[in-house]
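> 3D model of this:
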Amino acid sequence: MKTVTAAILFHEGKILIARRRDRDRLAGKWEFPGGTVEPGETPECCLRREMKEEFDIDIEVGTFFGESVYHYNHGSICLLAYLTRWRGGTLSCRDHDACAWVSIPELPCFDFSPADLPFVDRLLTGKTTLQ
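All right, here's what the predicted structure looks like:
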């Protein structure tokens, strides 16, 4: 099982989401951005690295938000989500075909990947504290 991270990145009252490119697995699906944890890397370090590589931004990783295990046809993942905060940089959507800042009530308007849906549900039910 692959361990993957997700940033629930709050900034100015909205959350950053990103859409996978056409050539990617799960093409067209929206997700909370992050990436695969490399050997010897903590999930927190992975999130900081991935957000810098994929969006050219710096974040602060805060509270652990939750875990979602999902079994795709191409393999299983354990998705670890963390509440994060913007620390600097200018957002550049490098590895996705689109990104958006959305409010929590807008989340159901987007077609999220199955592994991300438990986090969408949790945000919609208000079971979190904005950072």
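> quick one: the strands in this structure, in order.
Applying DSSP state E to the chain gives strands spanning 2-11, 14-19, 30-31, 34-36, 57-72, 75-89, 98-102.
> tell me which strands and helices the shortest one is in contact with?
It refers to strand 30-31. Where contact means 3 or more Cβ pairs under 8 Å, 6 or more residues apart in numbering; DSSP states H and E, strand 30-31 is packed against strand 14-19. (Each C-beta comes from the backbone N, C-alpha and C, glycine too.)
> how about residues contacting the strand it packs on?
With Cβ atoms under 8 Å, 6 or more residues apart in numbering as the contact definition, strand 14-19 has outside contacts at 7-9, 28-33, 54-55, 91, 93, 95-104, 107, 110, 112, 123.
> now, of the residues you listed, which are buried?
7-9, 29-33, 54-55, 93, 95-96, 99, 104, 107, 112, 123 (16 or more other Cβ atoms under 10 Å).
> so in the protein, which helix runs the longest?
helix 43-55 (DSSP state H).
> check which residues of that helix are buried.
For helix 43-55, using 16+ other Cβ under 10 Å, the buried residues are 43-44, 46-51, 54-55.
> dump the residues you listed to TSV, plus pLDDT and distance to Ala18.
Converted to TSV, the buried residues of helix 43-55 look like this (pLDDT from 0 to 100; distance: Cβ to Cβ, whole Å):
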residue	pLDDT	distance to Ala18
Pro43	97	18
Glu44	97	19
Cys46	97	16
Leu47	97	13
Arg48	97	16
Arg49	97	16
Glu50	96	11
Met51	96	11
Glu54	94	8
Phe55	96	8
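> which residues does the nearest residue to His96 once chain neighbours are set aside bridge with?
Counting by Cβ to Cβ, 6 or more residues apart in numbering, His96 lies nearest to Ala18, which is 3.9 Å off, once chain neighbours are set aside. Counting by DSSP bridges, Ala18 forms beta bridges with Glu31, Cys99.
> burial measure for Ala18, as a count.
Residues near Ala18, counting by other Cβ atoms under 10 Å, number 21.
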